[in-house]
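Chemist: Here's my sequence, what's the structure:
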Amino acid sequence: MTRLLYGVTLFLAVLSSFVLLPLSAAQASKCIAFVERQPTAVPASFTSVQAGGAVEVTYIGHSTFRLRSPAGVVIATDYAGDAGPGPLPTVVTMNHAHETHFTLFPDPGIRHVLRGWNPQGGPAVHNLTLADLLIRNVSTDIRSWGGSVEPHGNSIFVFEVADLCIGHLGHLHHKLTPEHLALIGRLDVVFAPVDGSMTLDLPSMIQVLKDLRASLVIPMHYFGSGSLNAFLAGMAEEFDIRVARDPTIRVSLRSLPKQPTVLVLGGGG
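Modeler: Here you go, the predicted model:
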C-alpha cells in the first residue's frame, strides 16, 4: 500500500511538473519521461569502459567534478575557478551557498556559465542542449549564514548524456519533495554532499539518496574521513560500498552496477 501511494503521489507530481517546466524541456528530457522506469543494468567493474557511449568522470575535489561526454564536451561542476588539469571546460555549473562553489570571475573562454541561482531573483532555469548532452536544473533553497532561508539559492544540475541521467545535488540543504523528485526524474548516477553539517544532515541525505534510487552514488563535499565513514556506514545496509584509488572512472549505461552502489573516488583522501 505504501509503495502504491508513493507511486500515485509521484505520478501526480510528474504531471504537475510538466506545467512548471517549459514545454521544450519536458519534451527533450528522457530522464523525466522515464522517471518510473528502472534502467536495465548489467554488472561490470568500474575500470575503463571500452564500448562507445561512456562518460568520463573525474573527482577534482570538494564538489567539483570534471565530466567529458563521448562527443568531447567538458563540464566542470560547482566551478570556483579550478576545473582540474586539461582543456578549459565548455560548460561550468555553479552554486552560491559558499565561495568554494562559484566564482564571480569565470574564465572568459568558458562558453557556457550556468549559475544555480538567479541574480535577478526567482529560480534559475537552464535547459541547454549542446552536442550530445542536455543540461537542466531543479531549484532548491539554501540557508543563509544568519539562519534564514534563501529561496532558490541552489540548483540540482542534471546532465543527460550517453543515455545516462547524472545528477549533482550541489549544496543541498533540505529533503526533496515529491515535486522535486518528479522534476529531477530518473537518476543513474548522483554526486552527493556528505559532510553532514554545512549541507544536509547525514540521516536526511541518506533518505534523499534512497528516494532518488540511483544505481551509483559518488560522495563529495566531505571534510576528512569522519563524515565520509559515517555516511558509508549509514548507506551500507542497502548499498554496496566500494573505494577506488583513481579519481577517474568511465561509466556507461551498460557498466552501471546491478546492486545500488556507493563509489568513493580518489580513495576518500
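
Chemist: hey, let's count contacts and neighbours off CA atoms from now on
Modeler: Noted.

Chemist: what residues are up against the residue nearest to residue 174 when sequence neighbours are not counted?
Modeler: Spatial nearest neighbour of residue 174, chain neighbours left out: residue 200 (6.0 Å); criterion: Cα to Cα, 6 or more residues apart in numbering. Residues in contact with residue 200 (Cα atoms under 8 Å, 6 or more residues apart in numbering) are 172, 173, 174, 175, 193, 194.

Chemist: out of these, which are inside strands?
Modeler: residue 193 (DSSP state E).

Chemist: quick one: least confident of the contacts of residue 200?
Modeler: Lowest in pLDDT among the contacts of residue 200 is residue 173, which has 85.

Chemist: quick one, strands of the protein?
Modeler: Using DSSP E, strands in the chain cover 55-61, 64-68, 74-76, 91-94, 112-115, 127-130, 133-143, 149-161, 164-168, 189-193, 216-220, 240-243, 248-251, 261-264.

Chemist: Ok, which of the ones you listed comes nearest residue 106?
Modeler: The closest of these to residue 106 is strand 112-115. By Cα to Cα, the value is 7.7 Å.

Chemist: Quick check: chain neighbours aside, which residue is closest to residue 58?
Modeler: residue 248 (4.2 Å).

Chemist: Would you confirm that residue 88 contacts residue 109?
Modeler: Yes. Contact criterion Cα atoms under 8 Å: residue 88 and residue 109 qualify, at 7.4 Å.

Chemist: Now do the contacts for residue 193.
Modeler: So residue 193 contacts 63, 169, 170, 171, 172, 199, 200, 219, 220, 221, 222 (Cα under 8 Å, 6+ apart).

Chemist: Going by distance to residue 114, which of those wins?
Modeler: Nearest member of these to residue 114, counting by Cα to Cα, is residue 170, at 12.7 Å.

Chemist: roughly how far apart are that closest one and residue 31?
Modeler: 19 Å (Cα to Cα, to the nearest Å).

Chemist: before we move on, back to that, can you list the strands of the chain in TSV and add distance to residue 100?
Modeler: Below are these laid out as TSV (distance: least, Cα to Cα, whole Å):
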stretch	distance to residue 100
strand 55-61	11
strand 64-68	9
strand 74-76	13
strand 91-94	9
strand 112-115	14
strand 127-130	24
strand 133-143	15
strand 149-161	13
strand 164-168	15
strand 189-193	13
strand 216-220	13
strand 240-243	25
strand 248-251	21
strand 261-264	21
